[in-house]
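S.K.: have a look at this fold, sequence not included:
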């Protein structure tokens, strides 16, 4: 087995979304043993649609057993709009009920309500959304933004999911008996 075969066997490919244009992209992650620098994770994302490129090296020790997943129920009864959230650069946000997945808004500290509003506004300004021209595509886009508005108004119950493989993000909790927030490590 030559060196290229060994690297290919260790390479992990993850499906994700481009933070620039929201197109589906593949991210590659490789564990590399660098002498005198410990094990490193090399993460590479290249978007063929908008040419966005990211190469990041992270110490394996920083991500070992630190990943976190927050699941916050969004409805009229919960106080989700006023809860503080810190989203690291590595974290992704999703609201599965409306098909929202976002890696945008890197490194922010604000309320969950402000973050959801901010993502909505960033999506409106995104080149991918502004280039929709067909009537059917425009209708789907309008339905999508209507769904976001229904979540914001509390008319549609949904889940705000924040996943951070580095464990550097958080969502404010209301104690151990918080019935609206689940945290997984």
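M.R.: Right, received. Where do you want to start? Keep in mind that this is a model prediction, so the values were computed, not measured.

S.K.: skipping its backbone neighbours, what lies nearest residue 183 in space?
M.R.: Spatial nearest neighbour of residue 183, chain neighbours left out: residue 70 (5.6 Å); criterion: C-beta to C-beta, 6 or more residues apart in numbering. Where C-beta positions appear, they are placed from N, C-alpha and C, glycine not excepted.

S.K.: quick check: bridge partners of that neighbour?
M.R.: residue 162, residue 183 (DSSP bridges).

S.K.: cool, and residue 85?
M.R.: Beta-bridge partners of residue 85, as defined by DSSP bridges: residue 110, residue 171.

S.K.: against residue 76, how distant is it?
M.R.: 19 Å (C-beta to C-beta, to the nearest Å).

S.K.: same check on residue 174?
M.R.: Residue 174 is 16 Å from residue 76, by C-beta to C-beta.

S.K.: now swap in residue 22 and tell me
M.R.: Residue 22 is 29 Å from residue 76, by C-beta to C-beta.

S.K.: who has more neighbours out of residue 174 and residue 76?
M.R.: residue 174 (12 against 9; other C-beta atoms under 10 Å).

S.K.: which stretches of the chain form strands?
M.R.: Remark: strands assigned in the chain by DSSP state E are 12-17, 24-34, 38-46, 53-59, 68-74, 84-87, 92-95, 100-102, 108-111, 158-164, 170-171, 181-184.

S.K.: ok and the second one relative to strand 12-17, angle-wise?
M.R.: Looking back up the chat, that one is strand 24-34. 140 degrees (axes from the mean of the first three to the mean of the last three C-alpha atoms, to 10 degrees).

S.K.: strand 24-34 - contacts with which helices or strands?
M.R.: Using 3 or more C-beta pairs under 8 Å, 6 or more residues apart in numbering; DSSP states H and E as the contact test, the elements touching strand 24-34 are helix 3-10, strand 12-17, strand 38-46.

S.K.: let me know the angle separating the longest helix belonging to the chain from strand 68-74.
M.R.: Scanning the chain for the helix with the most residues, using DSSP state H, yields helix 135-153. In terms of direction (the same axes, to 10 degrees), helix 135-153 departs from strand 68-74 by 90 degrees.

S.K.: in helix 135-153, what's buried?
M.R.: Residues 141, 144, 147-148, 151-152 are the ones in helix 135-153 that count as buried (16 or more other C-beta atoms under 10 Å).

S.K.: residue 32 and residue 53: what is the separation?
M.R.: Taken as C-beta to C-beta, the span from residue 32 to residue 53 is 19 Å.

S.K.: could you do residue 90 as well?
M.R.: 16 Å.
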